[in-house]
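**Q** my questions are about this predicted structure, shown below with the sequence.
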Amino acid sequence: AQSVTQPDIHITVSEGASLELRCNYSYGATPYLFWYVQSPGQGLQLLLKYFSGDTLVQGIKGFEAEFKRSQSSFNLRKPSVHWSDAAEYFCAVGAWGNTPLVFGKGTRLSVIA
Amino acid sequence: DAGVIQSPRHEVTEMGQEVTLRCKPISGHDYLFWYRQTMMRGLELLIYFNNNVPIDDSGMPEDRFSAKMPNASFSTLKIQPSEPRDSAVYFCASSLDGAGGHQETQYFGPGTRLLVL
């Protein structure tokens, strides 16, 4: 069975600073990896996904993530954070066969001036 | 496309009452998932359907919870009787059937925030 660990519960960054949110997964085969964002009181919006091919994937809102098989990681990055990026970020892993996603516990991002 | 639609958006009820949550998936999607989000347990799967048929309901907490999908455009999650520990945000998500078994993106609704007093 798959599992996901997001080691950081809460991160605070200054507006304009770079951001990296960590995600480690456990799965015996090639994983399907996702990052979702949840703004307060809202549903989950897909930021980006990795299925195969290029290990650096680009997403919406200027986010990118890199799949590193050797480290079982799929970290999310953004070069310059905006105040509107303050939200909760979830990493998720799926398996072959269109199975339900397994989510990490999330990382809450705060952005300060 | 309107996306996944859930109703109600908010529900406050008293312990022992029946609660029914509704979901309309994106048209043409073959899979429908019900997830629950709590502070303690995060996001966890309750049940999912493929072509209106329940595939895995092992996440349903107990017999008080039931889910149906009478047709491709509608699903319900019912809690009877409700208890305070059922307070959570309930999300519905839908996806296409991935070709060759590939995992397809799941699109989430806005959620139903349930408070059981």
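**A** Received the coordinates, thanks.

**Q** look up how far A:W35 lies from B:I55.
**A** 25 Å (C-beta to C-beta, to the nearest Å). C-beta here means a position set from N, CA and C on the backbone, and glycine is covered the same way.

**Q** OK, contacts around residue 71?
**A** This is for chain A. Going by C-beta atoms under 8 Å, 6 or more residues apart in numbering or on different chains, A:Q71 touches A:N24.

**Q** meant chain B, my bad for not saying
**A** B:N52.

**Q** in the sheet, who's paired with it?
**A** Taking DSSP bridges, one finds B:F74 as the beta-bridge partners of B:N71.

**Q** quick one: low-confidence parts of the chain?
**A** Since you didn't name a chain, this refers to chain A. Across chain A, nothing is flagged by pLDDT under 70.

**Q** oops, I was thinking of chain B
**A** Using pLDDT under 70, chain B drops low at B:1, B:100-101.

**Q** ok, now with 80
**A** Within chain B, the ranges that satisfy pLDDT under 80 run B:1, B:98-103.

**Q** near chain A, which residues of it?
**A** Taking C-beta under 8 Å from any C-beta of the partner chain, the part of chain B that reaches chain A is made up of B:4, B:31, B:33, B:35, B:42-45, B:48, B:50, B:56, B:91, B:93, B:95, B:97-98, B:101-111, B:113.

**Q** quick one: contacts for residue 10?
**A** Picked chain A for this. Per C-beta under 8 Å, 6+ apart, neighbours of A:H10: A:107-110.

**Q** looking at chain B here, not the other one
**A** B:112-113, B:115.

**Q** which member of those is positioned nearest chain A?
**A** B:R113 (7.9 Å; C-beta to the nearest C-beta).

**Q** I'd assumed B:R9 was in contact with the closest one.
**A** Yes - in this structure, B:R113 is within contact of B:R9 by C-beta atoms under 8 Å, at 6.9 Å.

**Q** could you give me the buried positions within stretch A:76-92?
**A** A:76, A:78, A:81, A:85-92 (16 or more other C-beta atoms under 10 Å in any protein chain shown).

**Q** what's the closest of the residues you listed to A:T5?
**A** Closest approach between these and A:T5, by C-beta to C-beta: A:C91, at 8.5 Å.

**Q** right, and that closest one touches A:S73 too?
**A** No - A:C91 sits out of contact with A:S73 when judged by C-beta under 8 Å, with a separation of 9.6 Å.
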